[in-house]
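Asker: For reference, the sequence and a predicted model appear below.
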There are 4 protein chains.
Amino acid sequence: MTDKDFREKLKKINQIEIKNDTDIVGLITSLKDTGFNAKRLALACEIYNEMNKNPNCIKFFGLAGALVPAGMQKVIIDFIKEGYIDILVTTGANLTHDIAEALGYHHLQGDIESKEIDDKYLHNEQINRIYDVFMPNKVYEGIEDFVSQLEIPDIQMSVSSFLRFLGDQLPEDSNSILRLCSKKQIPIFCPAFTDSGLALQLGFHHQKLNLNHFADMLEMVNLAWDAKVAGVCIVGGGVPKNFIMQSLQFSPNSATYAIQITMDRPEPGGLSGATLREAISWGKINEMAKYSTLISDATIALPIILWFLKKTNNKKS
Amino acid sequence: MTDKDFREKLKKINQIEIKNDTDIVGLITSLKDTGFNAKRLALACEIYNEMNKNPNCIKFFGLAGALVPAGMQKVIIDFIKEGYIDILVTTGANLTHDIAEALGYHHLQGDIESKEIDDKYLHNEQINRIYDVFMPNKVYEGIEDFVSQLEIPDIQMSVSSFLRFLGDQLPEDSNSILRLCSKKQIPIFCPAFTDSGLALQLGFHHQKLNLNHFADMLEMVNLAWDAKVAGVCIVGGGVPKNFIMQSLQFSPNSATYAIQITMDRPEPGGLSGATLREAISWGKINEMAKYSTLISDATIALPIILWFLKKTNNKKS
Amino acid sequence: MTDKDFREKLKKINQIEIKNDTDIVGLITSLKDTGFNAKRLALACEIYNEMNKNPNCIKFFGLAGALVPAGMQKVIIDFIKEGYIDILVTTGANLTHDIAEALGYHHLQGDIESKEIDDKYLHNEQINRIYDVFMPNKVYEGIEDFVSQLEIPDIQMSVSSFLRFLGDQLPEDSNSILRLCSKKQIPIFCPAFTDSGLALQLGFHHQKLNLNHFADMLEMVNLAWDAKVAGVCIVGGGVPKNFIMQSLQFSPNSATYAIQITMDRPEPGGLSGATLREAISWGKINEMAKYSTLISDATIALPIILWFLKKTNNKKS
Amino acid sequence: MTDKDFREKLKKINQIEIKNDTDIVGLITSLKDTGFNAKRLALACEIYNEMNKNPNCIKFFGLAGALVPAGMQKVIIDFIKEGYIDILVTTGANLTHDIAEALGYHHLQGDIESKEIDDKYLHNEQINRIYDVFMPNKVYEGIEDFVSQLEIPDIQMSVSSFLRFLGDQLPEDSNSILRLCSKKQIPIFCPAFTDSGLALQLGFHHQKLNLNHFADMLEMVNLAWDAKVAGVCIVGGGVPKNFIMQSLQFSPNSATYAIQITMDRPEPGGLSGATLREAISWGKINEMAKYSTLISDATIALPIILWFLKKTNNKKS
């Protein structure tokens, strides 16, 4: 590229305008011409939309962080309902909180800004804190009741098979990511399943349980191997990010689309803060991929991306 | 408060839903029942709306960070046009970039994600980088031309008086925060004015200039003193945050409403990352104030807040 | 506490002095009288020292993040050699990198500051990037050779039993966390073991492997249950943090000492950024515990803490 | 560079060892062979040492953030005493806190980790909070007494001239950055001087004061212009960073050495989080410069760098 080419190729930053009739599609479209994380949010929307439109694209969704406690359960449910997720990888914590909601329990709003949080007081009140969200400890009793009555068909089934079984046991019309995935046959992987309150209750009541984690690992590699086109959306990073990425690394087709929403930073070298570009060196994302590493709280970014995707799809129909 | 009271007062987290007919007011209203920064964004919108509705409230707006280069100039302009800002405190950098746009220059989009940025190459191309936004160095020539021809009425005027004069010199219909503030007689304070490319050009061409910074400081204290009700919106922190806050600290009425949008963190003790609650100890924010410290890139949060405010106002009319 | 009591109890910040004969113990001691993260570093050193001196204290060490690639392998080895770790919980990635070093491979220094990193170029050179550390892809070949020849005694053993077996297979005098833990019979837990290159190679070559993750989970609960006094040092957060904490939550004695070193922030609600105080609400840390949440890159904090602990111990002898 | 050259040039990461006789010079030397921020800390030490050894190098030191309240006043004093700073640029806040200490007042240690901070209570106790450091409000009375009695020789002197005068008025043997700079004739610049409690008190008692900020700006440009070799150490960013950098931008010799210690991040586009490499595009740092952008709390990094520099110098003598 000559210097002249370089200069001529540079696009102008547009000073965006919020008009009275602005809708979410218009806003996001205008943000594409800005800088910093506004641009990255717009790119994330655009890339997700391309993933959805590509009939060959298998969409891997990695979900870490306390999204269900923060009120984002139905947002995730909508991603699944609308067909925006083909394979879900998540943490045991999110499953635990999802089942709590499915069983009729609720998370509560704490006020960490204008009041001092007294964690000793909360402990005495048997309330567990997740930043500014509270979860009454009695939730565990409900999960224990649910879990203790399970008749597990095969103590050596894979975690993802067990999660499909578990979803089937939840109340018919409950709000639940797990329940919906079972119904829609969307596989859920949870590589660190034993790192959760749900697994602890399972282990206490079903002492011989030995879910086959290696079977999940190999199945995930096969799913990645079979994907003609792979798209990735990473929320928060952690084990779900790595589990998706390591499967793509050993596949012929690494990711062609990738989105990451994180508040961690890259310099200390942890995977959750690593940029998506770094993944190209590993062959996890391919050299021609479109990607956007968005630095934002997922509780702000995810509803906006969902809103954009739903609105864009409805426009077309 | 008894323990029973505490438990009964806790509100449920609502799992939000994005429906086909969701509008920005609906989205923000639903986010009020969530956690983490989604809730804080909703609170910021609600608090700003209350500021606007309170006829006695003087709205102080502190603007740090490269918002104009990132495409947020018209967003700020709209805040002013709509009457959401009574007093603006900003950095010399934002004024420099605002004048660049007013004089017809543009900022450019860099791609820092998918290409390697070669800063030596940019230097040779005479392009200055602000993360992923580029500013051609020739912008300074235009500013120099503008500045060198100024006939400054009083070399010892205050910075804010000078900025009003400067806004009057800009082209009639130019897009400019400075120009609009001059027209609408909104005072702009810039305590670190000499820390900017604009001031450097002024100093080179008007060597006797001695703008009276102390006059600004005392005027700002008077404005804070006179405010029956004070509301504050801080973007990014820095000198604009402290300058507003120190004026309120020595006033009978500290802030009753406060919003801060920042990506800095509190633990290292810097003011830009300090929570708004900390300001209560200083008497900068009053004990009964409503406030929200929002951890978000301002390029995402500001357009959303503006959109919410405009939509809310239009609904009522 | 009366107001007078409150005021009189406040300690003076000391302006620290670095003298010619300052040693690490003197520096840390003086930092105790400062603020921000300097104080927290000093508290972390002091708390770890108390853990070491308490003969009843079981020291749980959670290790996430790419510490081995960054050159901290021997620092961890020294923590184990000196008896500062009783139970190690870590990630599959750290084990993969540890085995790579044990087998004679090395990680390499990248220069991300002064050169542009071209991840496509690295990909073509078969070099994987971890921020500014490079790992040649051929490392995987060595791990594959090592792993393919293993004669695994029991395909349903727990992960920690398998890791003890694995450590025994490494070369006698190799530098290795895994090898040393096997020798010293320090249990290593790795709840997300299948989320690693090591496990992938194992799975490819030993297709029937079904390491019993639930056995690890229950064993860890027993270890936490049996600890008369529990001390915790968390590096980076992630699954290792939660796995230690969930075991303590269901034990009669939650942690009495706790240290966390992280660069993540608390507001987005993820566990890696959560403060240690939050863990009191859950009953993971007890109400009278001493704890320090240190916001620092672990590659800076860990060597300093080790240095302090070794120097303090040598002084006493 | 050929691919073979690239691979051969890569240096091995060394797994560092903390030995019984490790001293700070040995530690830092070994950290040079690591990754992440440990390496950057080592580079910062090495670069500062080179600045000190280069007799032509003018060392600009930008100091933002509440370093004096946090107990780092004597660390800064030592940097000046040892000749490691030629020109100091700082904030009004640091000067205010420095004078408070010089007049015999003290900052106090708050405990924000294990107790809930009640900012309303602090407000009633007239204690101002800076994260976990407290400053009694009565400090302002002492500063007011000091300031009200000043006989200012010239109400239109530059800020730096005024600060030299002010340092001369402080008690002879007081601990003070300001006092020491006056004695040693080290210029102090404070571009946002009116953004401080000190300036407010000055303005209230000396209503005609009109310190010439433009004179400082032009003098700083001259100092930068005259520097044959320029070295920069930036603590925290803010106005001090930009003020130094803008002067170097318009000089024939931009910085040859540069260090930045910050906890802010680059993606939101603010200057405090911007990497040093970005400054090359602007011509603020030259293309052949050595630099290190260190992500660390300055209260940890600064004492270590000072310790390294003093020990290195003493060894040589």
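Answerer: Received, thanks. Residues are numbered from 1 along each chain as shown, chains lettered A, B, ... in the order given.
Asker: Tell me which residues of the helix or strand containing residue A:162 come out buried.
Answerer: Assigned by DSSP states H and E, residue A:162 falls within helix A:159-169. Going by neighbour count (16 or more other Cβ atoms under 10 Å in any protein chain shown), the buried part of helix A:159-169 is A:159-167, A:169. C-beta coordinates here come from the backbone N, C-alpha and C atoms, glycine included.
Asker: likewise stretch A:280-288?
Answerer: A:280-286.
Asker: ditto for stretch A:141-150
Answerer: Those would be A:143-144, A:146-147, for stretch A:141-150 by 16+ other Cβ under 10 Å.
Asker: that older thread, next, format the buried residues of helix A:159-169 as a markdown table and append pLDDT and distance to chain D.
Answerer: Below are the buried residues of helix A:159-169 laid out as a markdown table (pLDDT from 0 to 100; distance: Cβ to the nearest Cβ, whole Å):
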| residue | pLDDT | distance to chain D |
| --- | --- | --- |
| A:159 | 98 | 33 |
| A:160 | 98 | 35 |
| A:161 | 98 | 39 |
| A:162 | 98 | 38 |
| A:163 | 98 | 35 |
| A:164 | 98 | 39 |
| A:165 | 98 | 42 |
| A:166 | 98 | 39 |
| A:167 | 98 | 37 |
| A:169 | 97 | 41 |
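Asker: Check whether residue A:101 really touches residue A:175, as I assumed.
Answerer: Yes - the pair residue A:101 / residue A:175 is scored as a contact, 5.8 Å apart, by Cβ atoms under 8 Å.
Asker: just the buried residues of helix A:159-169 now: which is nearest residue A:19?
Answerer: Checking those against residue A:19 with Cβ to Cβ, the nearest one is residue A:167 at 44.0 Å.
Asker: Report the contact partners of the closest residue to the closest one other than its chain neighbours.
Answerer: Nearest in space to residue A:167, with sequence neighbours left out and distances taken as Cβ to Cβ, 6 or more residues apart in numbering or on different chains, is residue A:182 at 2.9 Å. Contacts of residue A:182 were listed using Cβ atoms under 8 Å, 6 or more residues apart in numbering or on different chains, and they are A:163-168, A:170.
Asker: mind checking how far residue A:182 is from residue A:239?
Answerer: Per Cβ to Cβ, to the nearest Å, residue A:182 is found 22 Å from residue A:239.
Asker: got it, and residue A:142?
Answerer: Separation of residue A:142 from residue A:239 (Cβ to Cβ): 26 Å.
Asker: try residue A:230
Answerer: For residue A:230, the distance to residue A:239 (Cβ to Cβ) stands at 19 Å.
Asker: any idea how far the worst-scoring helix or strand of chain A on mean pLDDT is from the chain center?
Answerer: Ranked by mean pLDDT, DSSP states H and E, the helix or strand of chain A with the weakest confidence is helix A:3-9, at a mean of 80. Remark: helix A:3-9 is offset 39 Å from the chain centroid, using Cα atoms, centre = their mean, to the nearest Å.
Asker: CA atoms of that helix as CSV?
Answerer: Provided in CSV are the C-alpha atoms of helix A:3-9 (Å, rounded to 0.1, in the frame of the first residue of the first chain):
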residue,chain,number,x,y,z
ASP,A,3,1.3,6.3,1.5
LYS,A,4,-1.3,8.0,-0.7
ASP,A,5,-3.4,4.9,-0.7
PHE,A,6,-3.2,4.8,3.1
ARG,A,7,-4.3,8.4,3.4
GLU,A,8,-7.1,8.0,0.9
LYS,A,9,-8.5,4.9,2.5
